[in-house]
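Trainee: Next one to model:
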Amino acid sequence: METSRRDILLDRLFYVALILKGLDGVLELVGGVMLLVVTPDQINSFVTWITQHELSEDPNDLIANALVNLAGSLDVSATTFAAAYLLVHGIVKVLLVGAVLAHRLWAYPWLIAFLVVFIAYQIYQMAIGFTWGMLALTVFDVVIVALTWRENGQHKAKRARGEGVAR
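Mentor: Purely as a prediction, here's the structure:
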């Protein structure tokens, strides 16, 4: 069976998107660990230090003020929840992305389901307060779901024909 240029492009896009999603999972793991070892006061001090110069130049800077307000509102329960969320989310992402990259057929539907749940949550979050970043993340996750669905179908078709190494 001949592979079209479109199929090659979609396959490459799938693997690049998966790698980016896996790296995102690794960053979530790092962030989760950091939130477990750094206190809310240390976070507040760090944010104050990094925004100090910007706020001295522009006391109305939207991003710097938002960071300072967010850091000032952190408490132990909020950072513990955020750490747990990031750790669980990161572990699941890294494991599922790794399994999909290893062509484990069981992982494709799990990755799709996992991302669909988070897409629903992200849509809910945007209904509460829209951000362009959340929209971009949601679109990225929708693309990964579509590409994973396509790739899963291709692996199933190969297996039905007795081809490939899908497991």
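
Trainee: tell me the centre residue of the protein?
Mentor: Nearest to the mean C-alpha position of the chain, counting by C-alpha atoms, centre = their mean, stands residue 24 at 4.9 Å.

Trainee: now it, nearest residue through space, not along the chain?
Mentor: The shortest distance from residue 24 to any residue other than its chain neighbours is 6.7 Å, reached at residue 93 (C-beta to C-beta, 6 or more residues apart in numbering). C-beta: built from backbone N, CA, C; applies to glycine.

Trainee: need the contact list for the one you found.
Mentor: For residue 93, the contacting residues are 21-22, 24-25, 28, 114, by C-beta atoms under 8 Å, 6 or more residues apart in numbering.

Trainee: Since PyMOL is what I'm using, could you give me a select command covering those, but only where they're buried?
Mentor: Selecting in PyMOL just the buried members of those, where the criterion is 16 or more other C-beta atoms under 10 Å, is done with this command:
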select buried, resi 21+22+24+25+28+114
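
Trainee: Make a markdown table out of the contacts of residue 93 and add distance to residue 3.
Mentor: Supplementary listing: these in a markdown table, determined by distance: C-beta to C-beta, whole Å:
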| residue | distance to residue 3 |
| --- | --- |
| 21 | 24 |
| 22 | 24 |
| 24 | 29 |
| 25 | 29 |
| 28 | 34 |
| 114 | 28 |
